[in-house]
Structures are given as C-alpha cells and as structure tokens.
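J.: let me see the structure of the following:
(chains A and B)
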Amino acid sequence: MNLATFIQHFLNSLTLGSLYALIAIGYTMVYGILRLINFAHSEIFMLGAYLVFWGITLFHLPWPLAMVASVIVVAAIGIMVDRIAYRPLRDAPRISALISAIGVSFFLQNVAIVFFQAIPRQVYRPAWLENPMLWGDVRVLPLTLFVPVLSLLLMLGLVYIVYHTKAGLGMRAISKDIETSYLMGVSVNKVIALTFGIGSALAAASGIMWALRYPQLQPIMGTIPGFKAFIAAVFGGIGSIQGAVIGGVALGFIEIMTVAFFPDLAGYRDAFAFVLLIGILLVKPTGLLGVKTEDKV
Amino acid sequence: MLKISDLHVFYGGIHALKGISLEAPKGKVVTLIGANGAGKSSTLRAISGLIKNKKGKITYNDRDITTLDPVEIVKSGIVMSPEGRRIFPHLSVTENLYLGAYSRSDKDGIEKDKEWVFDLFPRMRERQNQKGGTLSGGEQQMLAVARALMSSPDVVMLDEPSLGLAPLLVKDVFEIIKVINEQGKTVLLVEQNAFAALKVAHYAYVLETGSIVLQGTGEELLNDERVIHAYLGG
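T.: Residues are numbered from 1 along each chain as shown, chains lettered A, B, ... in the order given. Coordinates of the predicted model:
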C-alpha cells in the first residue's frame, strides 16, 4: 500500500468513525442519566436522513436549511419519545423502559415505512460534495473532509453545553445522583428532555451525513449503524461522552483498516464490531473510560 | 411556619408514618429523634416531595404544599440535605454550590450567597476548585450544608448530619447548625445522636415506629426519664 492510498483509508476511517461517534454520544448520554439503552436511537438516525430529503424534494428547501430543519425536527421527535414512552416509566423497573424502547424502535420503523415506503430510495448529492479534490496522488471527496469537520464542531458544541452551562451541570449531577439532584431543585425532567434533544440532534446529523456518504435511504437503514455505534459506546465506556467519541472513531478505523490491509476479510466487515464487543466485554466490561458503578440498594 | 398534620406514608404495603403532626415555627431548631426505622427520614422525604404516596396535610406559611414536586418545594423555601451527605464527588466545590442554587435565576444573588457561605465556611473557599470527592468527611458535611443554603431557603432540613463522623467533627456539625439558625433559618433536624440534638433544639419530637410518642422543649426531653432510658443510655 502506498502513502496516497493509506491517507485515503485514513480519511475514510475518520469519516466513518465520526459518524459512529455522533450516534454513540446519544446512546451514552441517555444511558449515563437514565441507565437506559435507547433502542429507538437508530430510528432517530434514520429519520434524520429521510427528513432532510423530504425537506429538499417536498418543500424545495436549499441544502443547508433542509439539514438544519431536519436536525431540529428530529430533536423534537427525540424529546417526544422520552415524554411519551420513557417518562411515564421513570419510577418503574428499568426493564420496562427498555421494553418500551424496543417498542418505540419498531413503531418508528413502521411509521417510516408508511410515510416513506419500504423501497430503498436514491439520494442525490449536491455537486459541491461530489467533485473529488486531488492532492498529488490523494483523491478526496469534499464529503470525506466535510463529515469529520462538521462532527468535530458539533462535538465542541456539546462539550460547551455539558461543561459550561447550567443545564450541563444539571446533566452531570443527574448522571451521578438523580435523587439528590431533585432535592437541590434541579428540574430533572427538563434536563432529561434536553439530553434526548441533543442526542437526537447529533444522531440526525449523523444520519444525514451517512446518507450523503452511502447514498441510499431505507426505513431499516439505522439498525446496523445503530448497533455498531452502541458497541462503540460500550467499547469506550458507556456513560462517558469522551469514551463514545473514542469508541466511535476507533471502530471506524478498525473497520476500514482491517479491510484495507486484509481485503479478503471485506465480507466480514460488519462482524468486526461484534468481535470487538465480545472482546471488550471479556477483558474490560466497563469499557475504556467506563467507571464501575454500583447499584444502590 | 412549617406545619404537618396527620401525615401518613406508605411504602408498598408498609405503613411507615402513622399520622404524625408536628410544627417547626419560624427561626427555631426543631428535632426529630428516634431509633432506626422510626420514620424520621420518611418525614423529611415526605415534606421535600420525594415521597408521593402519602396522606395528610403539609402547610408552609399557611400554603398547602403537600403535593408539590421537589423542585417546587425548593422554590418555596424549604431545602433538604439528605442523609449520607450525598455531595457530588465528581464536581468541584463551586459546582456543588451552584447546583444548590439550581432553582434560582438571580445571578447576582447567587454570587452574593456563594460569598456568604464561603464566609460561613472558610474551608470551602480554600477548597473551591477541588472535587467534592477529595474532601474529608467533615468537609463534605460542610459542603452539603453550604450547598443546601445556596437555594436561599427559610427552612433547612438536615437528615442525620452527624452520621459517620468522628466525635470531634460531630461537635462541628452541631456548631454549624447553630450558625445556620443564627442566620435566621428554621432548622428541622433528624438525628440519632439524641443528646446533641436535644441540646441544640428549641423543640423536639420523639418518633417510635411511625408515631410521635413524646414531645417537648429540648431541655424537657433531656430530663425526661423515658428519653434518658431509651435514647440517652441512662
């Protein structure tokens, strides 16, 4: 493999990794606060992708506006999912909310089938993302740079919210001790709603960029990326935002680089993530940055 | 004045509080003493809105607050510092204090109160950038009280503030309670350390298995045969 090819693989890994990371952040934030695996998260990702093309084809919105609109609408859907399907179960055993999450996942998939039909749809990419740039021997699609850069900006925004705002302080408090947060007057349900909103917005952004990169839409498109991002979150240490980012990017590199160096394994690509999951659970069940939390008696 | 009448609390099938009535007049220290499981913590948790399964009436300055949620209780001026301190170990001292002020939006007032609690507890000023988890047990208790004060409360409820502290620190805790009271705050104190609690209290109630069996001024109960026998090791 020459240097140019390696650089291309490197950039591709980074792109795929950022997309996983953006989804993984939503899983990990919700888990950190509610100890809930939000299985509907992969459908949130899918809705983000569909809505942007709905905005473009149905409402003739320009690209950037359609993206922003999709992210906002999907964030609202994420908040509604929490309000309708999880909040009534806040005091119920944890397994109830988990079952509810699986139900929401199926529900949203079927809603998508009703509204968008089950046949896969082609995505038309805007020209400014399509024309490759040449740096010496390295041939790069603008999209390959656009994805990691936009992802990085979104993550910086997230860091700002979590570490420099009042709501972020509330999030960090709730994730450690929800009862004491109540006693201190933290509006817990509002903070949780915001968490769902942020996680869903990031998943929507990821879904949109995913559709640009792998230009096909279908109602089950969220399932595999969702599973993999979940694995990335577990790998990084579920509950830790930094862990989700590291896990996501690491998974992107593992997938792309393994295929790059061992082309024979290309057919097993989707299996790498699951091998990684089994490996990490055997060696370090709390993930790279995870902290062991004891269940309170 | 905080007033509770005929309060019942249920945990599943267990009847934890069986119709207790008590009053905490403005500016006084009122204590609830009693053995483990007598219902002391349940009383505080019911007032603070954490327990929803309850019957009876809780009023504060003649306003019915029985069914308010914890955030509204804090906003109404009643704050509870929970048993075991429960400070946020991963947040700095300052962040812990800001959390105590979460229900407020008056930035200037919050900064002023932060300086005020730093003056009350100079140790907190020294440690303001340290993570809560790195403080000693006594300092954590100070932080828990300081954090509660940040909500600018009129009534401070303390659940077992001396629990698990070394005897010297226990003395400090009761000093802190006096200081809070001198600042004009009403204190509702739950304690197993009956002797120290009665000494600091203006008025006291003795709880046994969910009912109030005795009440009186702190001094009266300190000299009561039954109290001495059951709680003061006489």
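
J.: and the residue nearest the centre of chain B, bridged to which residues?
T.: Closest to where the C-alpha atoms of chain B average out (C-alpha atoms, centre = their mean) is residue B:158, at 1.6 Å. Legend: beta-bridge partners of residue B:158 under DSSP bridges are residue B:81, residue B:189.

J.: again, but for residue B:23
T.: Counting by DSSP bridges, residue B:23 is bridged to residue B:3.

J.: and it, what is it in contact with?
T.: B:1, B:2, B:3, B:4, B:30, B:203 (C-beta atoms under 8 Å, 6 or more residues apart in numbering or on different chains). Bear in mind the C-beta positions are built from the backbone N, C-alpha and C, glycine included.

J.: if we use 10 Å, what do you get?
T.: Listed by C-beta atoms under 10 Å, 6 or more residues apart in numbering or on different chains, the contact set of residue B:23 reads B:1, B:2, B:3, B:4, B:5, B:30, B:59, B:203, B:205, B:215.

J.: what's the spacing between it and chain A?
T.: From residue B:23 over to chain A the distance is 22 Å, taken as C-beta to the nearest C-beta, to the nearest Å.

J.: follow-up on the earlier one: make a markdown table out of the contacts of residue B:23 and add distance to residue B:50 and neighbour count.
T.: Shown next, in a markdown table, are these (distance: C-beta to C-beta, whole Å; neighbours: other C-beta atoms under 10 Å in any protein chain shown):
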| residue | distance to residue B:50 | neighbour count |
| --- | --- | --- |
| B:1 | 22 | 14 |
| B:2 | 16 | 22 |
| B:3 | 19 | 16 |
| B:4 | 15 | 21 |
| B:5 | 20 | 14 |
| B:30 | 20 | 22 |
| B:59 | 18 | 15 |
| B:203 | 24 | 19 |
| B:205 | 20 | 23 |
| B:215 | 25 | 17 |
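
J.: which of those residues lies closest to residue B:112?
T.: If you rank those by distance to residue B:112 using C-beta to C-beta, residue B:2 comes first, at 25.4 Å.

J.: I'd say that closest one and residue B:27 touch.
T.: No: if you go by C-beta atoms under 10 Å, residue B:2 and residue B:27 don't touch, sitting 11.6 Å apart.

J.: return every residue with contacts to both of those two.
T.: Counting by C-beta under 10 Å, 6+ apart, the contacts common to residue B:2 and residue B:27 are B:154, B:186.

J.: so, in contact with chain A or not, the lengthiest helix in chain B?
T.: As assigned by DSSP state H, the longest helix anywhere in chain B is helix B:167-182. No: using C-beta under 10 Å from any C-beta of the partner chain, we find that helix B:167-182 stays clear of chain A, coming within 16.7 Å at best.

J.: SS state for whichever residue of the stretch 1-150 of chain A sits closest to chain B?
T.: When scored by C-beta to the nearest C-beta, the stretch 1-150 of chain A has residue A:91 as its residue closest to chain B, at 8.7 Å. Using DSSP: H, G, I helix; E, B strand; the rest coil, the structure places residue A:91 in coil.

J.: count of neighbours near it?
T.: For residue A:91, the neighbour count with other C-beta atoms under 10 Å in any protein chain shown is 7.

J.: I figured it was touching residue B:50, is that so?
T.: No: the criterion here is C-beta under 10 Å, and residue A:91 misses it with residue B:50 at 11.1 Å.

J.: what pLDDT does the residue of the stretch 1-150 of chain A closest to chain B get?
T.: With respect to pLDDT, residue A:91 scores 87.

J.: quick check, residue A:101 in a helix?
T.: Yes: counting by three-state DSSP, residue A:101 is found in a helix.

J.: list the contacts for the residue nearest to it when sequence neighbours are not counted?
T.: Leaving aside its sequence neighbours, residue A:101 sits nearest to residue A:39 (C-beta to C-beta, 6 or more residues apart in numbering or on different chains; 4.2 Å). Going by C-beta under 10 Å, 6+ apart, residue A:39 touches A:27, A:98-106, A:223, A:226-227, A:230.
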